[in-house]
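In: sequence first, predicted model second:
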Amino acid sequence: MPSIADLNRRNFLKTAGFATVAGATASLTSTAVNAAPSAMPKLANGKYDFDTVYNRVGTNCARWDSAARRYPEGVFKYGMGVASQDFECAPCITDALAERVNHHNWGYMGGTDDLKEEIVKWNGNRNNLDLNPDELTISDGVYPGMIAAMRAFVPAGGKILIITPAYSGFYTMARAANVGTVDSQMVIKNGRYEVDWDDLEAKMTPDVRLLIVCNPQNPTGNVWKSDELHRMGRLALDHNIVVLSDEIHADVVRKGHKLTPFAAIPDQEVVNNSLSFVAISKTFNMAGMKNAYFYSKNPMLLGRVNQYHWADLNTLGVVATVAAYQHGGEWFDQANSYMDENHTFIEGYVRDNMPNVVYTRNEGTYMTFLDFSSTIASIGNEELDNLYGRNTPEENFQDWLVYNSGTYLNPGSNYGAGGEGHMRLNIASSRSVLKEVFDAMASAIKRA
Ligand SMILES: Cc1ncc(COP(=O)(O)O)c(C=O)c1O
């Protein structure tokens, strides 16, 4: 029985050299699509099967295929970067899409009332959040909403403030909106990332117009507590800064932690100074379906963002999203438990087998942010630079890991101040894949 690495490698070699999307799509016929005749079945014990590897290679997916294209020599084996899940999706999504595909007309869609209704229900049931459909704007991603907000609130020469390490996309959005960025780096206290409150306040200068809060925080995995959010929000309000709360990872919270949506902070003034940006795309792995939303309890703030926002929704994306909200709860709860156990597996693996790698306990999201500083130091920055010549030590180390273990991670330098020496790894895979990935990295590091 070949391992997933062999399968992926062989498949990759078959498609190696394809440079275009069309080339990648051509390999679909021989891979995942043929292997998926029906929606994900339940096992006899009532559980969904997240252990069986669902091979995504050859579907032009960003996580596996885009990474493979960067290393045409065939050294790439494991795509552990991009934040998507490797699991087969919830069966209710496949069923709803199949049913809609049986109606053969694809004219303009008429409205999103049913979608709004499901968003309101999900947020009420899961997070005890009281939303009103009038407070919601449907979007085709978190990006378009946040970029619109940056355009609406930040004048020429103005900046957004980011608590870092933070999602690299915030810098991409800032570039798209033509606004500057300022980082406020977190500190690690007792093994947890904490806000450096003095630094955060010092960075709230008059040219800063927005504070970006990411909850749960990508890539550190922090799930912010209500009092932490309140303190961030109060500081922002005192300095005339509007809060944008990115809650795309809202549902992916580990056992023992609880999400507080920013809009649920018990201080209406602070809540009225914020907008929240949410999607169910991380929950159900539907980023390719292009569906998200934002809301505010303050109609004036919402109206200003709406002036700069235009969404182009896709019929299938809406069908899939409504189905997930309506019928996907059980699948997600099982997937979330599985991912929680993946985090626990990694914590134990690093402790027992990778003494030079520092693990910080994750509270939410399916990312983990590992500190490889001592491995990077022992290989040597100069040596890494001579070998790969990229912009940062972390980017060089990204190449080093691919060439020495086949594993592709995201370089910490993408995530702002505090990302030095770190690499981001996506844990949303079958555990056998994670085991292979960590065995490969551990033995490469031992040889270094
Ligand atoms: C914190 C965060 N915000 C936004 C996004 C991207 O959102 P979208 O694909 O809906 O534009 C991601 C994707 O990984 C993310 O992690």
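Out: Arrived safely. Keep in mind it's a predicted model, so treat the numbers as computed, not measured.
In: how close does the nearest residue to S443 once chain neighbours are set aside get to the ligand?
Out: Leaving out its chain neighbours, the residue that sits closest to S443 by CB to CB, 6 or more residues apart in numbering is S405, at 7.4 Å. Bear in mind the C-beta positions are built from the backbone N, C-alpha and C, glycine included. Look at S405 and the ligand: by CB to the nearest ligand atom, to the nearest Å, they are 24 Å apart.
In: since we're on S405, how many residues are nearby?
Out: 23 (other CB atoms under 10 Å).
In: got it, and the one 5 residues further on?
Out: Taking other CB under 10 Å as the criterion, the count of residues near N410 is 25.
In: now do the contacts for it.
Out: By CB atoms under 8 Å, 6 or more residues apart in numbering, N410 lies in contact with G81, V82, S168, P219, Q398, M423, R424, L425.
In: what bridges to it?
Out: Residues in a beta bridge with N410, per DSSP bridges, are R424.
In: distance-wise, check it relative to W400.
Out: 14 Å (CB to CB, to the nearest Å).
In: what segments of this protein are strands?
Out: Ranges of strands in the chain, per DSSP state E, are 78-79, 136-139, 159-164, 180-185, 187-189, 192-194, 208-214, 242-246, 274-278, 292-295, 367-371, 407-408, 410-411, 422-426.
In: could you dump those to JSON lines with mean pLDDT and distance to D267?
Out: Output for these, formatted as JSON lines (pLDDT from 0 to 100; distance: least, CB to CB, whole Å):
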{"stretch": "strand 78-79", "mean pLDDT": "97", "distance to D267": "42"}
{"stretch": "strand 136-139", "mean pLDDT": "97", "distance to D267": "22"}
{"stretch": "strand 159-164", "mean pLDDT": "98", "distance to D267": "19"}
{"stretch": "strand 180-185", "mean pLDDT": "98", "distance to D267": "21"}
{"stretch": "strand 187-189", "mean pLDDT": "97", "distance to D267": "25"}
{"stretch": "strand 192-194", "mean pLDDT": "97", "distance to D267": "21"}
{"stretch": "strand 208-214", "mean pLDDT": "98", "distance to D267": "14"}
{"stretch": "strand 242-246", "mean pLDDT": "98", "distance to D267": "12"}
{"stretch": "strand 274-278", "mean pLDDT": "98", "distance to D267": "11"}
{"stretch": "strand 292-295", "mean pLDDT": "98", "distance to D267": "17"}
{"stretch": "strand 367-371", "mean pLDDT": "98", "distance to D267": "29"}
{"stretch": "strand 407-408", "mean pLDDT": "98", "distance to D267": "43"}
{"stretch": "strand 410-411", "mean pLDDT": "98", "distance to D267": "35"}
{"stretch": "strand 422-426", "mean pLDDT": "98", "distance to D267": "33"}
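In: export those strands as CSV, with columns for distance to V57.
Out: Below are the strands of the chain laid out as CSV (distance: least, CB to CB, whole Å):
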stretch, distance to V57
strand 78-79, 8
strand 136-139, 30
strand 159-164, 33
strand 180-185, 35
strand 187-189, 36
strand 192-194, 34
strand 208-214, 30
strand 242-246, 30
strand 274-278, 31
strand 292-295, 27
strand 367-371, 21
strand 407-408, 13
strand 410-411, 19
strand 422-426, 15
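In: could you dump those to JSON lines with distance to the ligand?
Out: Shown next, in JSON lines, are these (distance: least, CB to the nearest ligand atom, whole Å):
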{"stretch": "strand 78-79", "distance to the ligand": "14"}
{"stretch": "strand 136-139", "distance to the ligand": "8"}
{"stretch": "strand 159-164", "distance to the ligand": "11"}
{"stretch": "strand 180-185", "distance to the ligand": "15"}
{"stretch": "strand 187-189", "distance to the ligand": "20"}
{"stretch": "strand 192-194", "distance to the ligand": "15"}
{"stretch": "strand 208-214", "distance to the ligand": "5"}
{"stretch": "strand 242-246", "distance to the ligand": "5"}
{"stretch": "strand 274-278", "distance to the ligand": "7"}
{"stretch": "strand 292-295", "distance to the ligand": "5"}
{"stretch": "strand 367-371", "distance to the ligand": "8"}
{"stretch": "strand 407-408", "distance to the ligand": "16"}
{"stretch": "strand 410-411", "distance to the ligand": "10"}
{"stretch": "strand 422-426", "distance to the ligand": "10"}
